[in-house]
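**Student:** Below are the sequence and a predicted model; questions follow.
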Amino acid sequence: MVNIMELQEILIIKNGEITYGIDTSYIDQILHVPSFTKLLFSPASVLGLASVSGKIVTCMDFSRLISGDSSDSSRSDDRENDRILS
């Protein structure tokens, strides 16, 4: 009997002191954040919409999504570490 281990790739994201893992089978690509169009009356975790390779994708703020932060305070313009998972 042959025992074959199935390997699973996990993307690790750290948010403050908490570490999250996302199964990479759910991710098509990881990109730097492009210019995006802000949406009025959207949840604080939704930054806006962007065109990526001709497809419209939603840009999300992962830390606000996970923490449930609903504050409408303006976000820092330092987006060096921001990425889109699509």
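**Tutor:** Happy to help now that I have it. Numbering: from 1, shown residues only.

**Student:** now the end-to-end length of stretch 14-28.
**Tutor:** Stretch 14-28 has its terminal residues 20 Å apart, counting by C-alpha to C-alpha, to the nearest Å.

**Student:** What mean pLDDT does it get?
**Tutor:** Mean pLDDT, stretch 14-28: 85.

**Student:** Low-confidence bits of this structure, can you list those?
**Tutor:** Applying pLDDT under 70 to the chain flags residues 1-4, 33, 69-86.

**Student:** That one: strands as residue ranges?
**Tutor:** All strands of the chain, identified by DSSP state E, fall at 10-15, 18-23, 30-32, 46-52, 55-60, 83-85.

**Student:** So for S67, which of the ones you listed sits nearest?
**Tutor:** Nearest of those to S67, taken as C-beta to C-beta: strand 10-15 at 7.6 Å. Yep, even glycine has a C-beta here, placed from its N, CA and C like the rest.

**Student:** Neighbouring strands - and their directions - for the closest one?
**Tutor:** Neighbouring strands of strand 10-15 in its sheet, by DSSP bridges, are strand 18-23 (antiparallel).

**Student:** ok so, going back, to K38, which of the strands of the chain lies closest?
**Tutor:** Comparing the strands of the chain against K38 with C-beta to C-beta, the closest turns out to be strand 46-52 (4.3 Å).

**Student:** That closest one: which residues count as buried?
**Tutor:** V46, L47, A50, V52 (16 or more other C-beta atoms under 10 Å).

**Student:** Equivalent analysis for stretch 20-31, please.
**Tutor:** Of the residues in stretch 20-31, none is buried (16+ other C-beta under 10 Å).

**Student:** Cool, thanks, talk later.
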